[in-house]
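J.: Let me see the structure of the following:
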Amino acid sequence: MDEPSASPPRHARVVRITHWLTTIAFFALLVSGVEVLLSHPRFYWGEVGNVNTTPLFVIPVPASRSTVPTAYGFRLPDQNGWSRYLHFQAAWLVLFVGLAYVVYGMRSGHFRRDLVPVAADRSWRAMRGTIAEHLRFAAAAVGDPWSYNALQRLSYLIVVFVLFPLVVWTGLAMAPAFTAIVPAAVTVLGGHQSARTLHFVVTIALVAFTLVHVAMIVVAGFRARVRAMITGAAEPER
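T.: Presented below is the predicted three-dimensional model:
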């Protein structure tokens, strides 16, 4: 008698590897980005911005440079050296890992099969209901590999094809070496300071997505969901 075939993994190996590499790189980007931000927690619009320019908005935190005016009577230690180096290295990791994930998703049908809303999701009847129901703040079946609803699928697609490309684009638009070769990358955004401001706004959107993503994992079963993303096995909580 033939043994039953093993069930397919909840997440493919490429998805799991790129997910954790992106997680590590994104955390490094956040830590180093905060340090870079503290050197000048003021944001402007246009090409030029400095302490003599009226800011678009100001982050109410102490600065790491005494030349930057803040509401605080002290300054933080300047960590601009290692933070910029780490930020650039982590950014390249995110870029190459993201490209590998997109190539895999296109060639394997991962996006079409797992993330593009199915016909039932796109129907008006399926889209009705409370926000909590659409966000699925409840423990879904762990063994169901395609248990994402319409809003979850759309949010992942927006992150992959809108927010991450935007954060990479605005990051490159702040690099003089890159904009010297591709000046349109920054001019279309309105200038270097506009690129920096947009980079910050998109980062906030990615952080908000991450917080909601983690909260939903906790509600749905943290250990089982994390285990599935590490080993691929879809096992229920014990």
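J.: residues contacting the residue nearest to the spatial centre of the chain?
T.: The residue lying closest to the centre of the chain (C-alpha atoms, centre = their mean) is L206, at 4.1 Å. By C-beta atoms under 8 Å, 6 or more residues apart in numbering, L206 lies in contact with 26, 159, 163-164, 167. The C-beta positions use only the backbone N, C-alpha and C, and glycine is treated the same way.
J.: Go again with 6 Å.
T.: L163 (C-beta atoms under 6 Å, 6 or more residues apart in numbering).
J.: Just the pLDDT for it.
T.: pLDDT, the model's per-residue confidence, is 97 for L206.
J.: go on, the one 10 residues further on?
T.: At M216 the predicted local confidence, pLDDT, stands at 86.
J.: Check I158 too.
T.: 95.
J.: Where does it sit: helix, strand or coil?
T.: Assigned by DSSP: H, G, I helix; E, B strand; the rest coil, the conformation of I158 is helix.
J.: For G46, which three-state class applies?
T.: Of the three states, G46 takes coil according to three-state DSSP.
J.: all numbers from here: first residue = 49
T.: In the new count, where the first residue is 49, that last one comes out as G94.
J.: Do I have it right that it meets H240?
T.: No - look at G94 against H240 with C-beta atoms under 6 Å: they stay out of range, at 8.5 Å.
J.: list the buried ones in the helix of greatest length in the chain?
T.: Counting residues, the longest helix found in the chain (DSSP state H) is helix 240-279. Of all the residues in helix 240-279, those buried under the rule 16 or more other C-beta atoms under 10 Å are 240-248, 250-251, 254, 264, 268-269, 272-273, 275-277.
J.: Kindly report the same for stretch 105-125.
T.: 111-112, 116, 118, 123.
J.: Straight-line length of stretch 148-164, end to end?
T.: Start-to-end span of stretch 148-164 (C-alpha to C-alpha, to the nearest Å) is 19 Å.
J.: which residues sit against it?
T.: By C-beta under 6 Å, 6+ apart, stretch 148-164 touches 62, 66, 201, 204-205.
J.: Which among those count as buried?
T.: 66, 201, 204.
J.: could these be laid out in TSV, adding distance to A228?
T.: Shown next, in TSV, are the buried ones among the contacts of stretch 148-164 (distance: C-beta to C-beta, whole Å):
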residue	distance to A228
T66	31
R201	39
Y204	35
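J.: Nearest to A233, out of those: which one, please.
T.: Checking the buried ones among the contacts of stretch 148-164 against A233 with C-beta to C-beta, the nearest one is T66 at 25.0 Å.
J.: Measure how far the helix or strand containing the closest one is from the centre of its chain, please.
T.: Counting by DSSP states H and E, the element that carries T66 is helix 61-86. Chain-centre distance of helix 61-86: 8 Å, with C-alpha atoms, centre = their mean, to the nearest Å.
J.: between that helix and helix 240-279, how many degrees?
T.: 140 degrees (axes from the mean of the first three to the mean of the last three C-alpha atoms, to 10 degrees).
J.: And for the nearest residue to T115 once chain neighbours are set aside, the neighbour number?
T.: Of all residues not flanking T115 in the chain, V99 sits nearest, at 6.4 Å (C-beta to C-beta, 6 or more residues apart in numbering). By other C-beta atoms under 10 Å, 12 other residues sit near V99.
J.: Tell me if V99 really is in a strand.
T.: No - applying three-state DSSP, one finds V99 to be coil, outside a strand.
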